[in-house]
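Novice: Fold the following for me, if possible:
(chains A and B)
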Amino acid sequence: MIANDLLKGTLRTIVLKLLADNGRMYGYEITKKVEELSTGKIKLTFGALYPVLHKLEADGHISTEVEYIGKRVRKYYTLTETGRTWTEQKVDEFFDFVNTLSYVLKPTPA
Amino acid sequence: MIAAVIDDNYERIKSDLVRLGLSYDRLIDDMLDHVCCMVEEQMHGGEDFESSYNQVLDSIGEKRLPEIQHQTLLNLDKKFQHMKNFTYIFGLSSAILTILGSFFKRMHWPGAGIMITVGMVLIVLVFLPLYFISNHREQLEKKNPLYAIVGYLTIALLLAGATFKIQHWPGAGYLIYSSIGFILIGFIPLYVVNVFQRSGKEKANLPYIVMLLVGIACVMLIGNINMSKDLLNVYLDESISNQERVEQVQERTASLLELAGDSAYSDHLANISRIHDQARDLQVMISGMQEGMISFVGQPGVSIEEVKGKDNKNAGREAILDNGAGSAFIREAKQFASMLDELVKDEVANSQIEDHLEFTSLVWDFEHGWDGVRDSPLMKNYFKNTDAAKGIALAEYAAIAYLLHL
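Specialist: Residues are numbered from 1 along each chain as shown, chains lettered A, B, ... in the order given. Next up, the predicted model:
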């Protein structure tokens, strides 16, 4: 399990990257995908997911399509054009951050 | 098959979600689908709808849904997000301004007063209200606003008091005392209760860091609070009158020395000049320390009246303690005192001299010694030096007059 405070800042990037790789996804699918990709180490709860999705939508980075599954509505989220470039930026930033961290945290041979 | 069962229970699931606290349509759609998916998954494991659904409801719990909705709506509230960002940027910059001002004050550079005042006004009138308001809005379960109000009044009064004190404005004392009152009877009890109530729920984050910086600004300010201007002026006046007295006494001593040149007093001449030489050495040491203090605050050669850093606490430390000038002076002054004690046999004259040289005694040392120098502002240390100079001049005069049988 990865600690929540480590995840906090990267949640948005994770969601964006998943959408970039998988096209359109719905909320439950995203949580499952994260669990699968992280071999269960990251549990993305709906409590953390939906506030982020709604914020991303409000900021114009993702858009929604609605489909009916029986009576209920399923909302598929997709990246918009601006969202796509933004995602690349965020993912680059993240790897940059991880690389920098690994320099800092790796013990250097004397 | 499973899909059909879930469809049959659609209305029930929806009304359960609403009952648990959801009201925002778009979030209800998301959560409804999510919950249905969770139930489907359970049912694929072979369980029936009822037990699957109950397990899912249990895993959601009572309080989570309103929290999620609150968080989502806050995320979408652009005005609130702007206000929050504005608050932090504002807090950060006014804290930095104040810390910088305190640093300027310490270095006695110009502009310190205005920086501290502006920084404090911004913190008290803009940052703190915004902070408490946005903090209050962020909470789902609204805490008693009393917390925020007491917290605000305490911090605001304390900061205002510190600023008033530094700027030497009247009323500082009342502000500081009332804020201490607020801390003791309001803030501390409420804060302790609050911490216990939410222990484990929240972690340190930006607000705490900003508050910490504001706190540091506060501590630095209070560290700068020194003696009041009035008291500094009293010491200044006394120092000047001491210096005038020294000059008068030294003139009188000079005429005594002329007299001693007469052959009638030739047997005392050697002792008289020993006394005079030592007294002069001591006076030189004193003016050395005084010049040291004045040049420490950046204005060498300026008279004490024109020095701006009269409340500087490092000047005495540097010019008297650190370079050993103070202890060398006291050592010589003690020798001077015991020399006079040997030469002057008359008890009355002797006790007069002792009074003048009181600063060399142990009692005086204990009461006004090194600790006093370390913690006193420049003006007070300067005053003590002029007092010692006056004592030396008077003792010198009294001893020489005694030897001349006047």
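Novice: Name the residues of chain B found near chain A, please.
Specialist: Residues of chain B lying near chain A by C-beta under 8 Å from any C-beta of the partner chain: B:3-4, B:6-7, B:10, B:26-27, B:29-34, B:36-38, B:64, B:67-68, B:71-72, B:75-76, B:78, B:203. In short, each C-beta sits where N, CA and C put it, glycine included.
Novice: Of these, just the buried ones, ChimeraX syntax please.
Specialist: Only the buried members of those end up in this ChimeraX selection, burial being decided by 16 or more other C-beta atoms under 10 Å in any protein chain shown:
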select /B:6,26,27,29,30,31,32,33,34,36,37,38,68,71,72,75,76
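Novice: In contact with the closest residue to A:Ile14 other than its chain neighbours, which residues?
Specialist: With C-beta to C-beta, 6 or more residues apart in numbering or on different chains as the criterion, A:Ile14 has its nearest non-adjacent residue at 6.4 Å, and that residue is A:Val34. By C-beta atoms under 8 Å, 6 or more residues apart in numbering or on different chains, the contact set of A:Val34 is A:Ile14, A:Leu18, A:Ile42, A:Lys43, A:Leu44.
Novice: ok, the second one touching A:Met25?
Specialist: Yes - counting by C-beta atoms under 8 Å, A:Met25 is a contact partner of A:Leu18 at 6.5 Å.
Novice: which neighbours do those two share?
Specialist: Common neighbours of A:Leu18 and A:Met25 (C-beta under 8 Å, 6+ apart) are A:Lys33.
Novice: Show me what stretch B:35-43 is in contact with.
Specialist: By C-beta under 8 Å, 6+ apart, the list of residues contacting stretch B:35-43 reads A:28, A:69, A:72, B:2-3, B:5-6, B:13, B:17, B:49, B:51-53, B:55-56, B:59-60.
Novice: Please narrow these to those residing in helices.
Specialist: Counting by DSSP state H, these place A:28, B:2-3, B:5-6, B:13, B:17, B:49, B:51-53, B:55-56, B:59-60 in helices.
Novice: Next, give phi and psi for A:Leu44.
Specialist: Backbone torsions for A:Leu44, taken as degrees, to the nearest 10, come to phi -90, psi 110.
Novice: quick one on the thing from earlier: tell me how far the residue nearest to A:Ile14 lies from A:Ala58.
Specialist: Note on A:Val34: its distance to A:Ala58, by C-beta to C-beta, to the nearest Å, is 22 Å.
Novice: List just the nearest of the contacts of A:Val34 to B:Thr386.
Specialist: For the contacts of A:Val34, the minimum distance to B:Thr386 (C-beta to C-beta) is 72.8 Å, reached by A:Ile14.
Novice: Could I get the contacting residues of the closest one?
Specialist: With contact set as C-beta under 8 Å, 6+ apart, A:Ile14 has these partners: A:Val34, A:Ile42, A:Leu44.
Novice: The last one touches A:Ile30, doesn't it?
Specialist: Yes - using C-beta under 8 Å, A:Leu44 and A:Ile30 qualify as a contacting pair, with a distance of 6.9 Å.
Novice: Confirm that A:Thr78 sits in a helix.
Specialist: No - secondary structure of A:Thr78 (DSSP: H, G, I helix; E, B strand; the rest coil): strand, not part of a helix.
Novice: which regions of the stretch 251-400 of chain B lie under the pLDDT threshold?
Specialist: Across the stretch 251-400 of chain B, the ranges flagged by pLDDT under 70 are B:263, B:362-371.
Novice: What segments of it are helices?
Specialist: Here the stretch 251-400 of chain B has its helices, by DSSP state H, counting those that start in this stretch, at B:269-296, B:314-316, B:325-343, B:347-356, B:362-368, B:370-375, B:378-403.
Novice: Centre of the chain to the first one, how far?
Specialist: Averaging C-alpha coordinates over helix B:269-296 and over its chain gives two centres that are 37 Å apart (C-alpha atoms, centre = their mean, to the nearest Å).
Novice: and the angle from it to helix B:325-343?
Specialist: Angle of helix B:269-296 versus helix B:325-343, following axes from the mean of the first three to the mean of the last three C-alpha atoms, to 10 degrees, is 160 degrees.
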